[in-house]
Structure formats: C-alpha cells, structure tokens
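**Student:** no sequence for this one, just the structure:
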C-alpha cells in the first residue's frame, strides 16, 4: 500500500525551484497547482496559499512582491483583513491594489451605486455597470483579479450604530469616504476598537494623507468639529480629476501594507498635503 503523501510533500511536488532574490533561493508554485492543492486538501484557495508560504514556497503571482516584502511579509498579507470604507475614487483603486498584493480578506463597505459622473475617476466604474451597487461590482472585480482573496461586501450606509460591527476583526481600516461627518464616525470607532486608520481625502489637484493609530491625536488635531459637518467635501466644487484619487489610493494601499507587514515607516503623527498643480508636498505634525 503506497504511503499517504503529506501536505509538505504535495507542495514540494507541485512547486518548482529556480526563483531567487539576491542570495536567497526558494521554490514557486503556479496558480493551477495551488488550485490542485486546495482541491486535494479540500481547503479554500487562501488557505492553500498560506500553506505554501508557510513552507517557504511562493505562489508565482506574488513573485514580484518578495524582493520588497519577503516571504514572511507576504504571509502576513495573506493572513490579514482590511476594511475599505468607500468603493469609489479612492476605495476602488485601494481594493484593486490590495487584491493584487494578496491581502487575504477585504471587507468592502459602500451603500452607493455607480453613476455616469463616476466614470472619469473610479477605476471599477464601467459603462455596463452604471446603476449597479458598487460593492457587488467590486466583489466581481476582486474575484477576476485574485480568486484566493476572501471578500465580505456590505452595501450599507455607515453610522454610529453599525460601524463597529462592520470593521471589527480588521487589522487596518481604510478611510475612502467622501464627507467629514462619516469620517468622524469611522475615526471614533477605530479608536474605540484600537484599529489603525489610513485616511485620505482629495479635491481637484490636491489631497491629504495620514495613518492614524488609536493612541494618536488623529483627527482631533486638525478638525475638532467633524461631527457637526454634514455636507459633502470641497471636491463637489472643484471636481476630482482622474489621477488625483489614483495617487492617494496607491499611497493608502502602501500604508496598509506597511502597517500589516511591519516593513517601512507609516505616515504617522503627521499629515502630508500634495498639490499636483504646483508639484508641492507639504507636511504638518499632528
């Protein structure tokens, strides 16, 4: 009777050698073989990728991450959960980038539907999807990009009654919202739940970004009366060109990755202001 193959032996058999960064060499495994492993072990794709990384075998799709993040960093991403609040100009691009990076679980929160005015800047907005719920489109997009990412879609308006339940369990929360009052609700919930919050806001050629940890002064340092502000932001007056949210969303994704992996220094205790019309970057301490 043949011996039963262990999980480690199966991973070794399905993978191949040859990849290296610097002096470090490791094995890689193609997506089709990750699917084979998942089917054999009757586990989700995400769990199969985690098993591979735990054996120092890199899913080939993450190969270009390893030189920067290392196998340990990639494993932390696969085990992580990120809540993205808002799936529009900022949030849509954050979702796209985190799915490609290999974040294990994305919680996507947005109550809105795509409209024609979204097409200029919201990466997930397509003509065929006008009128569709943003979270449903986002889920379908993530599954096309990376089927191993677990997605929780919440088509609900954020308020003080539901926000803690929505974001509980996330390691990092992304503020991709479009108004100050809802941001204040989100910031308070993150502080209460001891969760780091990556904030960004854009308008016209300009935008701001900061990572706020529970023990930090955070938004109180810049806007004490956010709860009293109910109107939309200044972007409704000056507009939002395509590239502005894309740049800040990319930075938000990088901040989340830094926080999860512990690699690099988050934009913490300070806020960055970028003005693309003049090419200026300014910073204030929080």
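**Tutor:** Everything's here; your move. Since we're looking at a predicted model, the values are computed, not measured.

**Student:** so where's this protein uncertain?
**Tutor:** Scanning the chain for pLDDT under 70 picks out 1-3, 22, 219, 221-237.

**Student:** what's the domain layout of it?
**Tutor:** Listed by automatic domain parsing, the domain ranges of the chain are 7-77, 80-285.

**Student:** where exactly do the helices run in the protein?
**Tutor:** 7-14, 31-41, 45-54, 63-79, 89-101, 134-145, 163-167, 180-193, 235-238, 243-261 (DSSP state H).

**Student:** With respect to residue 151, which of the ones you listed lies nearest?
**Tutor:** With Cβ to Cβ as the measure, helix 134-145 is the member of the helices of the chain nearest residue 151 (5.0 Å). In this view, the C-beta of every residue, glycine as well, is placed from N, C-alpha and C.

**Student:** What residues of the closest one count as buried?
**Tutor:** Within helix 134-145, the residues scored as buried using 16 or more other Cβ atoms under 10 Å are 134, 135, 136, 137, 138, 139, 141, 142, 145.

**Student:** Which strands or helices does that helix pack on?
**Tutor:** helix 89-101, strand 105-109, strand 150-154 (3 or more Cβ pairs under 8 Å, 6 or more residues apart in numbering; DSSP states H and E).

**Student:** which residues touch the last one?
**Tutor:** Outside strand 150-154, the residues that touch it by Cβ atoms under 8 Å, 6 or more residues apart in numbering are 44, 46, 104-110, 135-136, 138-139, 142-143, 166.

**Student:** go again using 7 Å as the cut-off
**Tutor:** 46, 104-109, 135-136, 138-139, 142, 166 (Cβ atoms under 7 Å, 6 or more residues apart in numbering).

**Student:** of all the buried residues of helix 134-145, which comes closest to residue 11?
**Tutor:** Closest approach between the buried residues of helix 134-145 and residue 11, by Cβ to Cβ: residue 145, at 23.7 Å.

**Student:** if I pick the nearest residue to residue 36 once chain neighbours are set aside, what's in contact with it?
**Tutor:** Excluding its sequence neighbours, the residue lying closest to residue 36 (Cβ to Cβ, 6 or more residues apart in numbering) is residue 14, at 6.1 Å. By Cβ under 7 Å, 6+ apart, the residues touching residue 14 are 29, 33, 36, 37.

**Student:** what's the answer for residue 48, then?
**Tutor:** Neighbours of residue 48 in contact, by Cβ under 7 Å, 6+ apart: 34, 37, 38, 41.

**Student:** Out of those residues, flag the one nearest to residue 156.
**Tutor:** Looking at the contacts of residue 48 and their distance to residue 156, the nearest is residue 38, at 31.1 Å (Cβ to Cβ).

**Student:** and the gap between that closest one and residue 119?
**Tutor:** Distance, residue 38 to residue 119, by Cβ to Cβ, to the nearest Å: 37 Å.

**Student:** now residue 188
**Tutor:** In terms of Cβ to Cβ, residue 188 sits 33 Å off from residue 119.

**Student:** thinking again about what came up before, okay, the helices and strands packed on helix 134-145, which one's buried deepest?
**Tutor:** Across these, the average number of neighbours (mean count of other Cβ atoms under 10 Å) peaks for helix 89-101, which reaches a mean of 26.

**Student:** Run through the neighbouring helices and strands of that helix.
**Tutor:** Judged by 3 or more Cβ pairs under 7 Å, 6 or more residues apart in numbering; DSSP states H and E, helix 89-101 is in contact with strand 81-85, strand 105-109, helix 134-145, helix 243-261.

**Student:** wouldn't residue 40 be in contact with residue 7 here?
**Tutor:** No. Using Cβ atoms under 7 Å, residue 40 is not in contact with residue 7, being 8.9 Å away.

**Student:** Look at these two and report which has more neighbours.
**Tutor:** Each of residue 40 and residue 7 has its neighbours counted (other Cβ atoms under 10 Å); residue 7 has more, 16 against 13.
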